[in-house]
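Novice: Need coordinates for the below:
(chains A and B)
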Amino acid sequence: MSYEPVIGLEVHAQLQTRSKMFCRCSTQYAGAEPNTHICPICAGFPGVLPVVNRRAVELATRVGLALNCEISPSSRFDRKHYPYPDLPKGYQTSQYDLPLALRGHVTLGDNGQQRRIGIVRVHMEEDTGRLLHRSSPSGEVYSLVDLNRSGVPLLEIVSEPDIRSAVEAREYVTKLRQVLRYIEASTGNMEEGALRCDANVSVRPVGQAEYGAKVEIKNLNSTRAIERAIEYEIRRQIEALESGDGVRQETRGWDDAAGVTLGQRGKEYASDYRYFPEPDLPPLTMSESRRGEIHRGLAELPDARRERFVALYGLTPQDAADLTLTRETADYYEAVVAELREAAPARLAANWVRGPLFGLVNRDNLAITDARVSPKLLAELLRMLHDGEVNATAAREMLEETYRTGRSPREVAVERGLMQVSDASALGPVVRAVLERNPKAVADFRKGKQQVVGFLIGQVMRETKGTASQDTARTLLLEELSGSQAGAP
Amino acid sequence: MELTSEEVRHIASLARLGLTDEEVETLQAQLGDILGHVNQLNELDTGNIPPTAMVIAVQDVVAEDEPRPSFPVDVMLANAPERKGNYFRTKAVLGYET
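Specialist: Predicted coordinates for the structure are as follows:
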């Protein structure tokens, strides 16, 4: 029997605010001593009054809009109860039946083959503290609690169970992360825990309408882990069905080193969380005008930008996709094009950014914004190349030097003698010397073997270390050859 | 309003409380009484009243995203039953990772 996986993802993203969700403790706790970024509110002391961070609501609304969601005119916070020491209040302030945004979608793939993944909801909540599990020499197991992360604004983005493979799940998270970064809502950094993912996975026989028992997988800390864990889980569930054991609804944790998922606990039901409206936080409203204002402030999204690059600059879909992978790269490319002022084709710029320049920054693991080749310098180089002042080999050498030192490509070309020689008076003696040294080639040409011209151009290039203009060399060679032919006895 | 003893045990387990059989019996009666009391409210006809999450008429109370100094760590840890360095120290709760 063949089976079909049904996958939905819950993605948690920390919002890029300066202060926490309900208090004004700083979110810049990376590398800080434990419990130095806390106050009675985020440490869950009784009798405190939380106040919503305005910026967090704005960023969350941006995300909702970027994911094509409806923004609720009125939303509310609820208390989600569960007892665990990373949650000092005994409940997490979250949103339940009135979330900020509902019913959106993300589009995967490009124009060729598109898949739409539905978004159920986007809601705001707060991050938890961190626990370190330790054991004493006597074997007693205890936990150390650091609440610096407690109360950092967190967004939960819940997809529809529209995903059908492990690869598609990875693509979905990658796309989501790209959008979050474009609109500057989250760093999306999975290693730092700014983006985290849980996967709900079930399998069912192909053609069956009902879903199979759902397993939630936690602890997916990289896009690679997402793909591997889901692949493993699909295989495990199919084996469990085939052997007759069946699949139990449960929560499992991904063990990255061992490459397996392990049972953690029976799944809670929503009623076990005993949600009720948060009495300390008044409801939030979103007027049409405020929504419109946030919408207008939204950066151009990756899909739109990719399509614009194809239409406006005549790029291939693949080139456009590569250049719009990050907002920084797309901004860099467009800055180069602007500097060129149509003195060289935008496609030439695309080839050089995603070819040689990507090669250099990837080699050194640099962000393109940190490269010493500014858009202005790259444009200078491309203009020289397009105008025939230097050839492609020389341009590469100039790029490497400019990348290393930040010096002007023209300066480098002049200093290293890379400028093309297209001056007949300078190339004439070289051409004549080459002909003198290759009497056989000259004789062949006279017998009608036109192709020896290519060989002779090669000799001129070698003589000039590649700086001769091929066009000028060809013209001069043909002139000399026909001249000597005419003058032959 | 009757609660079963299983329901009482389930609620206790959600709160991580261990109960003796006598306590289950006592709480079964007491929680049932509380539920019954609250249920009396359901007898009111609220068909014409819009649902509300708030008993006072406020909304959109927000603060600007401007960090302010946190509390000194010793003040925050002053009432901790146990600490280790700058950490709160608790009994381990395993198998309930979030």
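
Novice: C-alpha only now, for contacts and for neighbours.
Specialist: Fine.

Novice: Write out the residues of the stretch 201-350 of chain A neighbouring chain B.
Specialist: Selection of the stretch 201-350 of chain A residues close to chain B by Cα under 8 Å from any Cα of the partner chain yields A:218, A:264-265, A:272, A:277-279, A:281-285.

Novice: same thing but at 6 Å, please
Specialist: A:264, A:277, A:282-284 (Cα under 6 Å from any Cα of the partner chain).

Novice: Turn those into TSV, including distance to A:Thr107 and pLDDT.
Specialist: Formatted as TSV, these follow (distance: Cα to Cα, whole Å; pLDDT from 0 to 100):
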residue	distance to A:Thr107	pLDDT
A:Gln264	33	78
A:Pro277	34	92
A:Pro282	35	92
A:Pro283	32	92
A:Leu284	29	93
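
Novice: Let me know the average pLDDT across the stretch of helix or strand A:Val63 belongs to.
Specialist: Taking DSSP states H and E as the definition, A:Val63 sits inside helix A:54-66. Mean pLDDT, helix A:54-66: 97.

Novice: hmm, it touching chain B?
Specialist: Yes: counting by Cα under 6 Å from any Cα, chain B is contacted by helix A:54-66 at A:54-55.

Novice: what does that helix contact?
Specialist: A:101, A:185, B:62-65 (Cα atoms under 6 Å, 6 or more residues apart in numbering or on different chains).

Novice: Up against chain A, what does chain B have?
Specialist: Checking chain B against chain A by Cα under 6 Å from any Cα, the hits are B:53, B:59-60, B:62-65, B:67-68, B:70-71, B:73, B:86-92, B:95.

Novice: Of these, which belong to helices?
Specialist: Those of these mapping onto helices are B:Val73, per DSSP state H.

Novice: rewinding a little: buried by neighbour count, from the contacts of helix A:54-66: which ones?
Specialist: With neighbours counted by 16 or more other Cα atoms under 10 Å in any protein chain shown, the contacts of helix A:54-66 contain buried members at A:101, A:185, B:62-63, B:65.

Novice: and of the contacts of helix A:54-66, the nearest to B:Ser5?
Specialist: The closest of the contacts of helix A:54-66 to B:Ser5 turns out to be A:Ala101 (Cα to Cα; 39.9 Å).

Novice: Now the closest one: phi and psi?
Specialist: The phi/psi pair for A:Ala101 (degrees, to the nearest 10) reads phi -140, psi 150.

Novice: Surely it touches A:Asn68?
Specialist: No: with contacts counted by Cα atoms under 6 Å, A:Ala101 stays clear of A:Asn68, the gap being 9.3 Å.

Novice: Can you classify A:His133 by secondary structure?
Specialist: Here A:His133 takes the strand state, with states given by DSSP: H, G, I helix; E, B strand; the rest coil.

Novice: if we can go back for a sec, rebuild the buried ones among the contacts of helix A:54-66 as CSV, extending it with pLDDT and distance to A:Ala413.
Specialist: Shown next, in CSV, are those (pLDDT from 0 to 100; distance: Cα to Cα, whole Å):
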residue, pLDDT, distance to A:Ala413
A:Ala101, 96, 56
A:Ala185, 96, 43
B:Val62, 95, 58
B:Ala63, 96, 57
B:Asp65, 97, 50
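
Novice: Tell me the residue of the stretch 101-250 of chain A that sits nearest chain B?
Specialist: Nearest to chain B in the stretch 101-250 of chain A, going by Cα to the nearest Cα, is A:Tyr142, at a distance of 4.2 Å.

Novice: for the chain, which helix is longest?
Specialist: By default, I'm working from chain A. Longest helix in chain A, counting residues (DSSP H): helix A:223-242.

Novice: nope, chain B
Specialist: Chain B, longest helix under DSSP H: helix B:21-39.

Novice: What average pLDDT does that one get?
Specialist: In this model, helix B:21-39 has an average pLDDT of 93.

Novice: What are the buried residues along that helix?
Specialist: Across helix B:21-39, burial judged by 16+ other Cα under 10 Å covers B:24, B:27-29, B:32.

Novice: Residues contacting stretch A:18-30, please?
Specialist: Contacts of stretch A:18-30 (Cα under 6 Å, 6+ apart): A:37, A:50-53, A:151-153, B:65, B:67-68, B:70.

Novice: filter these to the buried ones?
Specialist: Neighbour counting over the contacts of stretch A:18-30 (16+ other Cα under 10 Å) leaves A:37, A:50-53, A:151-153, B:65, B:67, B:70 as the buried ones.

Novice: export the residues of the stretch 201-350 of chain A next to chain B to CSV and tack on distance to A:Ala30?
Specialist: Below are those laid out as CSV (distance: Cα to Cα, whole Å):
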residue, distance to A:Ala30
A:Gln264, 29
A:Pro277, 32
A:Pro282, 31
A:Pro283, 32
A:Leu284, 30
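
Novice: Quickly name whichever of those residues is closest to A:Glu33.
Specialist: Using Cα to Cα, those come closest to A:Glu33 at A:Gln264, 30.6 Å.

Novice: my guess is that closest one meets A:Arg252, correct?
Specialist: Yes: look at A:Gln264 against A:Arg252 with Cα under 6 Å: they come within range, at 5.1 Å.

Novice: Those two: who's more crowded?
Specialist: A:Arg252 (22 against 18; other Cα atoms under 10 Å in any protein chain shown).

Novice: Contact partners for that one?
Specialist: A:217, A:261-264.

Novice: gap between it and chain B?
Specialist: Distance, A:Arg252 to chain B, by Cα to the nearest Cα, to the nearest Å: 10 Å.

Novice: Now whichever strand or helix holds that residue - C-alpha only, CSV.
Specialist: Taking DSSP H and E as the definition, A:Arg252 sits inside strand A:250-255. Only the C-alpha atoms of strand A:250-255 are listed here, as CSV (Å, rounded to 0.1, in the frame of the first residue of the first chain):
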residue,chain,number,x,y,z
GLU,A,250,2.0,11.8,21.0
THR,A,251,4.8,14.3,21.2
ARG,A,252,8.3,13.2,20.1
GLY,A,253,11.6,14.9,20.3
TRP,A,254,14.2,14.9,17.5
ASP,A,255,17.6,13.6,18.5
